[in-house]
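# One predicted model, sequence on top.
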Amino acid sequence: MSDAWIPASWPAPDGVVAGTTLRHGGISEGRYRSLNLGAFTDDEPAAVEENRRRFRAICDLPAEPRWLRQVHGSVVVIEPPAMQVAEADASITRQAGVVCAVLTADCLPVLFVSADGAELAAAHAGWRGLAAGVLEATVSAMTADPADILVWLGPGISQAAFEVGAEVRQQYVGQDPETAAFFAGNVRGRWQADLFGLARLRLANAGVGSISGGDYCTYRDAERFFSHRRDGDCGRMASFVFRRK
């Protein structure tokens, strides 16, 4: 692990590179300090552009990531265009050298690869996207058999830090009573939601064969991660996956 990014810890095939950036190594100031990669924040555009250049260099990316305009939904774009920003919350590629990426600051970044390394995907899964089925939509859009798909859960907000209202819990439990196990009541009469557990359940129910990660809490680690729940308007980390040519 470097001081700029965390490599994904998963049994991906050779040639697949994946991970999540940390907040170090950029030039942004104030609430966005320092490696803010989010173009849809109020950060200085020139700072974000330089941060993205540094990101490409630090992580030895083969090209600019195929960025998305994330809307907390379940739209998946296959082979996202290089010169446009698609409105979607997941992307899939079957080409070497194409970088799929999502931006987060508490929401759960989820990376996918087929067992043969031929198919890659990245999904942005906050509680709304999870409830909307973005992970199932990504698995369904991949041509690989779900049993041959490997997944890594990147840094996100932990259950202890993620308080939600009864209406959020009901969205899940109304769809699947089994999800009740991932909500713990608190002394304020609200609920602590386990995004990692909900993601694992939904991926397992979709037939995914291997699920790794879920080891980092963005809220509790202010030194390394941005967190919207902790800090309000803030920077964004990138989680990315690509196959070397």
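Received it, and whenever you're ready, just let me know what you need. Numbering: from 1, shown residues only.
# Which residues does stretch 159-175 contact?
Contact with stretch 159-175 is made by 106, 127, 131, 179-180, 182-184, 186, 188, 190-198, 217, 219-220, 229-230, as judged by CB atoms under 8 Å, 6 or more residues apart in numbering. (Glycine included, C-beta is placed from N, CA and C.)
# In PyMOL, how would I select just the buried ones from the residues you listed?
Of these, the buried ones go into a single PyMOL selection, burial set by 16 or more other CB atoms under 10 Å:
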select buried, resi 106+127+131+179+182+183+191+192+193+194+195+196+198+217+219+230
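# Among the contacts of stretch 159-175, which lie within helices?
127, 131, 195-198, 229-230 (DSSP state H).
# Next one, pLDDT for M83 please.
At M83, the predicted lDDT confidence score is 86.
# now for the ones in helices among the contacts of stretch 159-175, which pair is the farthest apart?
A131 and R230 (22.5 Å; CB to CB).
# max-length helix in the chain?
helix 45-58.
# Kindly provide the whole-number mean pLDDT of that helix.
pLDDT averaged over helix 45-58 gives 98.
# Tell me which strands the helix or strand following it pairs with, and in which orientation.
Scanning forward in sequence from helix 45-58 by DSSP states H and E, the next helix or strand is strand 68-69. Looking at strand 68-69 with DSSP bridges, its partner strands are strand 86-87 (parallel).
# what sits up against the strand it pairs with?
Contacts for strand 86-87 (CB under 8 Å, 6+ apart): 66, 68-69, 71, 75, 77, 80.
# go again using 7 Å as the cut-off
Applying CB atoms under 7 Å, 6 or more residues apart in numbering, the contact partners of strand 86-87 are 68-69, 71, 75, 77, 80.
# of all the residues you listed, which comes closest to M142?
Of these, the one sitting nearest to M142 (CB to CB) turns out to be V77, at 12.7 Å.
# which regions of this structure lie under the pLDDT threshold?
For the chain, residues meeting the criterion pLDDT under 70 lie at 1-2.
# Can you show me the helices along the chain?
45-58, 127-132, 134-141, 166-175, 195-205, 228-231.
# With respect to V98, which of those helices lies nearest?
With CB to CB as the measure, helix 45-58 is the member of the helices of the chain nearest V98 (13.6 Å).
# Report the contact partners of the residue nearest the centre of the chain.
For the chain, P109 is the residue whose C-alpha lies nearest the centre (CA atoms, centre = their mean; 1.2 Å). By CB under 7 Å, 6+ apart, the contact set of P109 is 20, 102, 122, 124, 154, 156, 239.
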